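In: Pasting the sequence and the predicted model now:
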Amino acid sequence: MAVRTTMLSLINFVRAKIGDPDNGSPVFATQDIQDALDAARFDITTPEVLIPVYSYSGQTIVWLDHYSQYGFWEDSPTLLDFGLQPLTATLSELLREPDVQGKGAHWKFATTQLAVRAMGHSFDVWQVAANLLEQMIMLQAPTNIDINLQGANIKLSQITQFRLQMVASYRAKQRIGFVPAVRDDVLSQREWERQKQVGIVASGIPFLTGQ
């Protein structure tokens, strides 16, 4: 898969956070970072109704600024007006992190918009940065060792320690995920109904259960 030009801002953001600039000899290729981002992508396929914020133009209230609850969007969103017609923003801040009020990516329009909807892709850049830093630690830890040479102490292990601190900081910022819990000591309603039909004891015998 080729690198998408709409991902370059996100890729450069992640590079800056892990200290891996594309200066000719980066640890991670651009494609690798894009793949890592895509693995932490949230697809907003159902149009999100953006958060409107009013301002004043003279004595008139205008609704020019609209915010997503998500931050770090790919630079290819679809914006729709109240009638679901395409919109073009005069200002886009796609890498804006959600603030304490839950306002993330920001779009500004030239005229009042009553209800703006957005579709696109948002990414958990902090999870990606932490994951890549952990990979970097594993790749470089064998060479980041302390050296005592003719009285000169070179403590390269401090690089690893600093990166571990960065990982912890980024993990604290990454999005909260949800994992479905499955209990093997409680029967589902469907399984209970099935076992009542064939008998609890016979429920595990294939030729009696039709399996």
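Out: Alright, I've got the coordinates.
In: And the helices in the chain, which stretches?
Out: Using DSSP state H, the helices found in the chain span residues 8-18, 30-38, 125-140, 157-173, 189-198, 206-209.
In: of those, which approaches Arg117 most closely?
Out: helix 8-18 (22.0 Å; Cβ to Cβ). No exception for glycine: its C-beta is placed from N, CA and C like everyone else's.
In: Averaged pLDDT, that closest one. What do you get?
Out: Throughout helix 8-18, pLDDT has a mean value of 97.
In: name the helices or strands packed onto it?
Out: If contacts are counted by 3 or more Cβ pairs under 8 Å, 6 or more residues apart in numbering; DSSP states H and E, helix 8-18 sits against helix 30-38, helix 125-140, helix 157-173.
In: number of nearby residues for Thr5?
Out: If you count neighbours by other Cβ atoms under 10 Å, Thr5 ends up with 9.
In: Now it: closest residue in space, sequence neighbours ignored.
Out: Asp75 (7.9 Å; Cβ to Cβ, 6 or more residues apart in numbering).
In: I figured that neighbour hits Leu94, correct?
Out: Yes. Contact criterion Cβ atoms under 8 Å: Asp75 and Leu94 qualify, at 5.9 Å.
In: And those two? Which one has more around it.
Out: Applying other Cβ under 10 Å to Asp75 and Leu94 shows that Leu94 carries more neighbours, namely 21 against 16.
In: who touches the residue nearest to the more buried one when sequence neighbours are not counted in this structure?
Out: Nearest residue to Leu94 in three dimensions, chain neighbours excluded: Trp73, at 4.2 Å (Cβ to Cβ, 6+ apart). Residues near Trp73 by Cβ atoms under 8 Å, 6 or more residues apart in numbering: 94-95, 105, 120-123.
In: Check whether Arg96 really touches Gly102, as I assumed.
Out: No. In this structure Arg96 lies outside contact range of Gly102 using Cβ under 8 Å: 11.8 Å.
In: that older thread, what are the bridge partners for the residue nearest to Leu94, then?
Out: Ser122 (DSSP bridges).
In: Relative to Met138, how far out is it?
Out: Counting by Cβ to Cβ, to the nearest Å, the gap from Trp73 to Met138 is 30 Å.
In: What count of nearby residues applies to Ala118?
Out: Residues near Ala118, counting by other Cβ under 10 Å: 23.
In: ok, it to Thr160 distance?
Out: Applying Cβ to Cβ to Ala118 and Thr160 gives a distance of 40 Å.
In: need the helices of the chain in JSON lines with distance to Leu87 and mean neighbour count, can you?
Out: Formatted as JSON lines, the helices of the chain follow (distance: least, Cβ to Cβ, whole Å; neighbours: other Cβ atoms under 10 Å):
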{"stretch": "helix 8-18", "distance to Leu87": "20", "mean neighbour count": "19"}
{"stretch": "helix 30-38", "distance to Leu87": "26", "mean neighbour count": "18"}
{"stretch": "helix 125-140", "distance to Leu87": "25", "mean neighbour count": "20"}
{"stretch": "helix 157-173", "distance to Leu87": "30", "mean neighbour count": "14"}
{"stretch": "helix 189-198", "distance to Leu87": "46", "mean neighbour count": "11"}
{"stretch": "helix 206-209", "distance to Leu87": "56", "mean neighbour count": "10"}
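In: Not counting sequence-adjacent ones, nearest residue to the spatially most central residue of the chain?
Out: Nearest to the mean C-alpha position of the chain, by Cα atoms, centre = their mean, lies Asp124 at 1.5 Å. Of all residues not flanking Asp124 in the chain, Ala40 sits nearest, at 4.2 Å (Cβ to Cβ, 6+ apart).
In: Done for today, thanks.
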